[in-house]
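Novice: Got a predicted structure plus its sequence, pasted below:
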Amino acid sequence: MAPDSPNAQDQNQTEPPLWSIGIAMLIILLAPLILYSFAPVGPIREGDTVFSDGQQRATFTTPIASQSLHPDETCLLDPNSPLIVLENSAGEPDGWIKAEVQGNPTAEWPFCPVHAEVRLSLHQVFQKPAVLGAVRDTLMRWLGK
């Protein structure tokens, strides 16, 4: 049977093109990411996860066991370091939060150790990471620019 026969042409037309399947999968994977990035942030509540806005200096709220490693009562948080909110004073004009450090597993001074309780101003944290910015940064790193 010749490849240009009517049966071969009918079979090629009934199979979906791979590019349309790829576009559909891309839309399905990117839709939640785009919807999340446009969702508004709510008020910061106890138990929420927040992130440090850049490298921040935080004050310990409770003394830690290895106080000799930290000569003063402050430590540094890495940029985008995750924190769990333990207490919140968002109603006050110069609000603050008491949070537990979740990131940075190394206990090197001047960085905050994991599970340390720290006090931060509300302007030192943000609630939702910039997802599209993180995707852009990842793509730039992969492409080497």
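Specialist: Arrived safely.
Novice: Helix or strand next in line after the longest helix belonging to the chain, which one?
Specialist: Ordering each helix of the chain by length in residues (DSSP state H) puts helix 18-38 first. Following helix 18-38 in sequence order, the next helix or strand is strand 49-52 (DSSP states H and E).
Novice: For that following strand, buried residues please.
Specialist: Across strand 49-52, burial judged by 16 or more other Cβ atoms under 10 Å covers V50, F51, S52. Where you see a C-beta, it was placed from the backbone N, CA and C, and this is true even at glycine.
Novice: How about stretch 36-56?
Specialist: Neighbour counts over stretch 36-56 (16+ other Cβ under 10 Å) mark I44, D48, V50, F51, S52, D53, Q56 as buried.
Novice: what's the farthest-apart pair in the residues you listed?
Specialist: When Cβ to Cβ is used, the two most widely separated members of the buried residues of stretch 36-56 are D48 and Q56, lying 17.2 Å apart.
Novice: Give me the distance between the residue positioned nearest the centre of the chain and G42.
Specialist: Residue closest to the average C-alpha location in the chain (Cα atoms, centre = their mean): P129, at 4.4 Å. Computed with Cβ to Cβ, to the nearest Å, the distance linking P129 and G42 is 15 Å.
Novice: okay, stretch 118-125 in CSV with CA atoms only?
Specialist: C-alpha atoms of stretch 118-125 as CSV (Å, rounded to 0.1, in the frame of the first residue of the first chain):
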residue,chain,number,x,y,z
VAL,A,118,12.9,35.7,67.5
ARG,A,119,11.1,39.0,67.5
LEU,A,120,10.7,41.0,64.2
SER,A,121,8.9,44.1,63.0
LEU,A,122,6.2,43.5,60.4
HIS,A,123,8.2,45.4,57.8
GLN,A,124,11.0,42.8,58.1
VAL,A,125,8.8,39.9,56.9
